[in-house]
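Peer 1: kindly generate the corresponding structure for this input.
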Amino acid sequence: MQYYLSLPSLHSSSSVNRDATRYVMLLFSSFTDSRHAMDAPTSTPFPLLTFQNSDSTDSPAALRDFLLQAITDNQPSLPYRIKHPHLETWIPILSGLSDYVLSSFPSISTGTWDILHEKAVLVNATVEVFHLFLQRFSDLFDTAPHVARKALVRLLILCHILDCRNDGDVSAKDGDDGIPSPQHLREKCLTVAIEVMRYLGDSLGSAGVELPTWEAFRSVCVGCLGIGEAVVLENTTLEFPLELSPFQQPYVREVTSIPDKSNIQDLPSFFVRGPVEAVNLLCLFFDVLTRSMLPPVSSQPFHTDLVLRLTKLMQSVFDLCLPGTWPLTSQSMMPYLVRICCAERRLLGLKNAHIQRVVFSDMVSRLLLHRLGNTCTHTEDAMLRDLLNEIPEPHEYLESGRSLAILSALAQLPAEDETGFNLAMAYISRRNSSL
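Peer 2: Have a look, this model is predicted:
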């Protein structure tokens, strides 16, 4: 396209690369200025970026065009990854994208999707750049794991915000000029977050940096687990809203309000307004951590202790949700219980997963008991059926008392709940066939 011609190339000489870096830093500076210049009260409660002034070389539109060009230039062309030829140029650019673009999305309660299109397009393009670079280059974060950690947490913050916003059912329409739906953007952020985690976990070298990539992987795991363990330990005394910080202690801190936008100078933190959002964030951690550990990464032997901590934490959160310790409705609780079980199921693929098999079997049988006393969606019932089919060797791990409890619940099941009846009978038949 015509507007790409004025953009500096990142594939030529070092002098041109320096010009490119200065150019992109100018875009970031302009991006930041546009965020603050519009802080005065307007028709919307936060600064909106616009692509309308696309003639300017330092406008948000120019940043969008730069990202689109980077996506075009870095489509994978080889079946293997290579070293990046200009890593010293791109590391500050990736760091800036994390600081200025990934952190630009407003808080959970701010705005509606129809006035966030510009931000959504920039975030979507930025996430795609990270994705393509992770697929194409083998040394992307070897000398800068701190950039990877920062980008990773910002991606998870975006997932959490998009999970908790009220516009999750908005869908992208044909001809929307690359505007993603909230669900599409959330899934893309989650996918790339897992890719970043697995990149860190699969590298054992130190590359002369203070924090080797595998230690960066571990620090993210420890931070997420630390947040979860603190929330579980203090669940009866916590007063919302909360700030949850994976890279500094205390992991959990009570705050008076949630900022409209993050401060790029601070270490990135998560914010939750209540128990439902807290459980959602913990389930997000479980999804990312289990998918990052399986298939096993190269540094897995260094993290075996974290697998046990993760299993115990998932069991603790499951326990807190079921008896109503947290003020969650049955309708809002079921999706999270299913997500926890699905995350635990992934750990069954680990070697010597005896404890995980016991915990998984216990969780699924208790989930079935909960289901027999409550209604669920067709999707949740289908997922529960799949979980029941994967209970390993139930005669070794399930107590006969649980079967009696399920039979008792079955006797009180409404006659019209045919799906609940079939789920219970499938469980009982599977157990009896194993005896």
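
Peer 1: where does the stretch 151-300 of the chain dip in pLDDT?
Peer 2: For the stretch 151-300 of the chain, the stretches with pLDDT under 70 are 168-169, 171-177, 205-210, 261-266.

Peer 1: can we see that at 50?
Peer 2: Screening the stretch 151-300 of the chain residue by residue with the criterion pLDDT under 50, one finds the ranges 174-175.

Peer 1: and the strands in it?
Peer 2: All strands of the stretch 151-300 of the chain, identified by DSSP state E, counting those that start in this stretch, fall at 242-244, 252-254, 270-272.

Peer 1: and Leu155, which of those is closest to it?
Peer 2: Ranking the strands of the stretch 151-300 of the chain by proximity to Leu155 (CB to CB) places strand 270-272 first, at 11.9 Å. In this view, the C-beta of every residue, glycine as well, is placed from N, C-alpha and C.

Peer 1: contacting residues around the closest one?
Peer 2: The set of residues external to strand 270-272 that reach it, using CB atoms under 8 Å, 6 or more residues apart in numbering, is 107-108, 156-157, 160, 227, 240-246, 255, 258-259, 278, 281.

Peer 1: how about the contacts made by the residue lying closest to Ile108 once chain neighbours are set aside?
Peer 2: Across the structure, with CB to CB, 6 or more residues apart in numbering as the measure, the residue nearest Ile108 apart from its sequence neighbours is Cys164 (4.6 Å). Applying CB under 8 Å, 6+ apart, we find Cys164 in contact with 108, 273, 277, 280.

Peer 1: and for Leu407?
Peer 2: By CB under 8 Å, 6+ apart, the contact set of Leu407 is 424, 428.

Peer 1: buried stuff in the helix or strand harbouring it?
Peer 2: In this assignment (DSSP states H and E), Leu407 forms part of helix 400-411. Buried residues in helix 400-411, counted by 16 or more other CB atoms under 10 Å: 402-403, 405-406, 409-410.

Peer 1: what's the answer for stretch 69-78, then?
Peer 2: Taking 16+ other CB under 10 Å as the basis for neighbour counts, the residues of stretch 69-78 that come out buried are 69-70, 74.

Peer 1: now the helices: where do they sit in the stretch 51-200 of the chain?
Peer 2: With DSSP state H, counting those that start in this stretch, the ranges of helices along the stretch 51-200 of the chain come out as 60-73, 87-96, 117-136, 145-164, 182-201.

Peer 1: so which of those helices is the most packed in?
Peer 2: Using mean count of other CB atoms under 10 Å, the stretch among those with the largest mean neighbour count is helix 145-164, at a mean of 23.

Peer 1: that one: how far from the chain's middle?
Peer 2: For helix 145-164, the distance between its averaged C-alpha position and the chain's averaged C-alpha position is 7 Å (CA atoms, centre = their mean, to the nearest Å).

Peer 1: what does stretch 154-174 give?
Peer 2: 11 Å.

Peer 1: excluding chain neighbours, what is closest to Arg346?
Peer 2: Excluding the flanking residues, the one nearest Arg346 by CB to CB, 6+ apart is Thr290, at 4.1 Å.

Peer 1: so what's the residue count around the one you found?
Peer 2: Under the neighbour criterion other CB atoms under 10 Å, Thr290 is assigned a count of 22.

Peer 1: residues near the closest residue to Leu122 other than its chain neighbours, how many?
Peer 2: Nearest non-adjacent residue to Leu122, counting by CB to CB, 6+ apart: Val101, 5.3 Å away. As a burial measure, Val101 scores 25 neighbours (other CB under 10 Å).

Peer 1: mind checking how far Val101 is from Asp167?
Peer 2: Noted for Val101: a distance of 20 Å to Asp167, by CB to CB, to the nearest Å.

Peer 1: thinking again about what came up before, export the buried residues of helix 400-411 to JSON lines and tack on pLDDT?
Peer 2: Supplementary listing: those in JSON lines, determined by pLDDT from 0 to 100:
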{"residue": "Arg402", "pLDDT": "78"}
{"residue": "Ser403", "pLDDT": "80"}
{"residue": "Ala405", "pLDDT": "88"}
{"residue": "Ile406", "pLDDT": "89"}
{"residue": "Ala409", "pLDDT": "90"}
{"residue": "Leu410", "pLDDT": "89"}
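
Peer 1: wait, doesn't the residue nearest to Arg346 sit right on Ile340?
Peer 2: No. Taking CB atoms under 8 Å as the contact criterion, Thr290 and Ile340 are not neighbours in contact, 10.2 Å apart.
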